[in-house]
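> Fold the following for me, if possible:
(one chain, ligands or ions: 1)
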Amino acid sequence: MKLYYSKTSPYSRKVRLLLYETGLASTVAMLPCNPFEENPELIAANPLSKIPTLITGDQTALYDSPVICEYLDTLHPTARLIPPVGEARWSVLRWQALCDGILDASYNIVMERRRPDNERSATWIAQWETQILRALQYCEENLGILPAPLSLAQLALGATLGYLDFRLAELNWRTHCPALNDWFEDFSLRESMLKTKPDDA
Ligand SMILES: N[C@@H](CCC(=O)N[C@@H](CS)C(=O)NCC(=O)O)C(=O)O
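The predicted model follows:
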């Protein structure tokens, strides 16, 4: 299998966390790539030219990150990170959707800030910041119902908080959310988290 990814992409990090946590990492060739540069191989696999994009063993292209995670979770012999049925499944998928939503708003802010001053919308940035802080507050108050012991929910949350530290530190999420801060301090010590820490290098 092959994974198009970048070290700064939080959606890619979620997939890479799953690969390390399940022991599948050695079965996937990791192909660093910049989705903003024209890359014919990536475009042939994914016309949206987005990462992460996975090429499976039988050359099927899969995107986006929830689809890739769902697929990879069927390939390892250890405990499922996405429960197959029932309440537990919907809980994990809802956590993932919430975290991906925080990422979407965060990524929008990062992109908006890269636009020239006269094209940037302060209104949209404020709207996305409100979304992020409200969703983080939900996480802060509901950490107790995070599906135990380890699921895709924790991986999505870890990738999300890591991205906020990396790109939007000025939001000061740790000050707003002390319980989440403690959870993340502990979770960040996992080998999978250390191996996938974002950097611009
Ligand atoms: N919903 C997608 C989001 C993927 C995404 O937006 N990836 C970014 C990098 S972090 C990207 O490829 N951006 C390129 C673009 O938007 O053209 C997922 O979960 O995989």
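> Please count neighbours and contacts with C-alpha atoms only from this point.
Will do.
> Nearest residue to the closest residue to the ligand within the chain in space, please, no chain neighbours.
For the chain, the residue closest to the ligand is Lys50, as judged by Cα to the nearest ligand atom, at 3.2 Å. Closest residue to Lys50 in three dimensions, ignoring its sequence neighbours and counting by Cα to Cα, 6 or more residues apart in numbering: Pro35, at 5.6 Å.
> just checking, the one you found touches Ile51?
Yes: taking Cα atoms under 8 Å as the contact criterion, Pro35 and Ile51 are neighbours in contact, 6.5 Å apart.
> which of these two has more neighbours?
Ile51 (23 against 18; other Cα atoms under 10 Å).
> what residues are up against that one?
For Ile51, the set of contacting residues under the criterion of Cα atoms under 8 Å, 6 or more residues apart in numbering consists of 4-6, 9, 11-12, 35, 63-64.
> Tell me which of these fall in helices.
The helices, defined by DSSP state H, take in 11-12 from the contacts of Ile51.
> Which one of the contacts of Ile51 is nearest to Gly101?
Top of the list for closeness to Gly101, among those and by Cα to Cα, is Tyr11 at 10.9 Å.
> what about the closest one, how many neighbours?
Applying the criterion other Cα under 10 Å, we find 23 residues in the vicinity of Tyr11.
> now swap in Leu42 and tell me
The local packing of Leu42 (other Cα under 10 Å) involves 23 other residues.
> distance of Val92 from Ser151?
Computed as Cα to Cα, to the nearest Å, the Val92 to Ser151 distance reads 7 Å.
> hey, what's in contact with both of the two?
Ile82.
> Buried residues, stretch 87-104. List them.
Judged by neighbour count (16 or more other Cα atoms under 10 Å), stretch 87-104 contains these buried residues: 91-93, 95-96, 98-104.
> Ignore what I typed, I meant stretch 129-138.
Taking 16+ other Cα under 10 Å as the basis for neighbour counts, the residues of stretch 129-138 that come out buried are 129, 131-133, 136.
> what's the closest non-adjacent residue to Asn34?
Ser6 (6.7 Å).
> The one you found contacts Lys50, doesn't it?
No: using Cα under 8 Å, Ser6 makes no contact with Lys50, being 10.4 Å away.
> who's more crowded, these two?
Taking Ser6 and Lys50 together and counting by other Cα under 10 Å, Ser6 has the greater number of neighbours (21 against 18).
> what sits against that one?
Contact partners of Ser6, counting by Cα under 8 Å, 6+ apart, are 12, 31-34, 51-52.
> Now it: phi and psi?
Taking degrees, to the nearest 10, you get phi -140, psi 160 for the backbone angles of Ser6.
> Kindly report the same for Asn39.
The phi and psi values for Asn39, taken as degrees, to the nearest 10, are phi -130, psi 100.
> what's the neighbour count on it?
The number of residues packed around Asn39, counting by other Cα under 10 Å, is 12.
> State the pLDDT value of Thr123.
According to the model's per-residue confidence, Thr123 sits at a pLDDT of 97.
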